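>>> okay, sequence plus prediction incoming.
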Amino acid sequence: MRTYGGDHDCARLPILRPNLLVCRSIQAVGARTTMVLSRAIARDLFDGQALTKVMALTTIATAAALGFSPLVGSALDYFFGWRSEFALVAIFAICALLAYATLVGETNSSANGSVNPLAVGGSYLGLIRDSRFVVPGQDCKPHDGPLVCRFLGGAARAP
């Protein structure tokens with residue numbers, strides 16, 4: 001839903017600055033959320049070889065979307081203006097949300113219908129206290145890329 005909100009707001013902007021940065025940030029959070037959720041849903045629904053196949057297809061779809069989006073975005077921009085790109089993504093997000101809600105539903109079979117915020121907060125605190133989680137990120141500098149930070153920066157120092 002965050003993707004829809006960011007795209008909807010971007011499409012309605014009268015000028016490009018400064019509100020565009022805020023709306024694009026909302027859009028980015030929504031886009032990253034979908035990448036994480038697609039993998040979580042795959043892990044809930046599949047295991048073994050089937051999970052491997054679904055994860056490969058998810059990776060291929062993500063790479064294809066990243067590869068073709070500049071082409072589609074450029075065509076939309078040329079023919080309909082820069083707002084059309086955001087409108088198309090907002091429409092797609094609404095369609096995906098409706099399809100997911102009606103066709104898939106909850107995929108975590110162990111979910112009891114409610115989330116305990118204290119338990120979630122306790123899990124995050126446990127991660128922050130765990131040096132295996134925190135130490136690799138301590139070597140990251142603002143100019144380092146995520147691969148450098150994760151695989152080269154601090155992984156060797158982790159206990």
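Good, I have the coordinates. Numbers count the residues shown, from 1 in each chain.
>>> from here on, contacts and neighbour counts on C-alpha atoms
Will do.
>>> residue 104: neighbouring residues, count only.
10 (other Cα atoms under 10 Å).
>>> buried residues in the lengthiest helix in the chain?
For the chain, the helix that runs over the most residues, judged by DSSP state H, is helix 48-80. Using 16 or more other Cα atoms under 10 Å as the test for burial, helix 48-80 gives 51, 54, 55, 58, 73, 76.
>>> surely the first one meets residue 42?
Yes: with contacts defined as Cα atoms under 8 Å, residue 51 counts as touching residue 42 at a distance of 6.6 Å.
>>> report all helices and strands that the longest helix of the chain contacts.
helix 19-45, helix 83-99 (3 or more Cα pairs under 8 Å, 6 or more residues apart in numbering; DSSP states H and E).
>>> so which of those is nearest residue 125?
Taking Cα to Cα as the criterion, helix 19-45 is the member of those that comes nearest to residue 125, at 20.5 Å.
>>> which other helices and strands contact the closest one?
Using 3+ Cα pairs under 8 Å, 6+ apart as the contact criterion, the secondary-structure elements in contact with helix 19-45 are helix 2-12, helix 48-80.
>>> quick check: mean pLDDT of the first one?
Spelled out, it's helix 2-12. Rounded to a whole number, the mean pLDDT of helix 2-12 is 53.
>>> just stretch 123-140 next, same as before
Mean predicted confidence for stretch 123-140 is 72.
>>> repeat that for stretch 30-41.
82.
>>> now that stretch: buried residues?
Within stretch 30-41, the residues that count as buried by 16+ other Cα under 10 Å are 30, 31.
>>> CA atoms only: put it into PDB for me.
Presented in PDB, the C-alpha positions along stretch 30-41 are these (Å, rounded to 0.1, in the frame of the first residue of the first chain):
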ATOM      1  CA  GLY A  30       6.900   0.300  -0.600                       C
ATOM      2  CA  ALA A  31       9.100  -1.100  -3.400                       C
ATOM      3  CA  ARG A  32      11.600  -2.600  -1.000                       C
ATOM      4  CA  THR A  33       8.700  -4.100   1.100                       C
ATOM      5  CA  THR A  34       7.400  -6.000  -1.900                       C
ATOM      6  CA  MET A  35      10.800  -7.600  -2.500                       C
ATOM      7  CA  VAL A  36      11.000  -8.800   1.100                       C
ATOM      8  CA  LEU A  37       7.300 -10.000   1.100                       C
ATOM      9  CA  SER A  38       7.700 -11.900  -2.100                       C
ATOM     10  CA  ARG A  39      10.500 -14.000  -0.500                       C
ATOM     11  CA  ALA A  40       8.600 -14.400   2.800                       C
ATOM     12  CA  ILE A  41       5.500 -15.600   0.900                       C
END
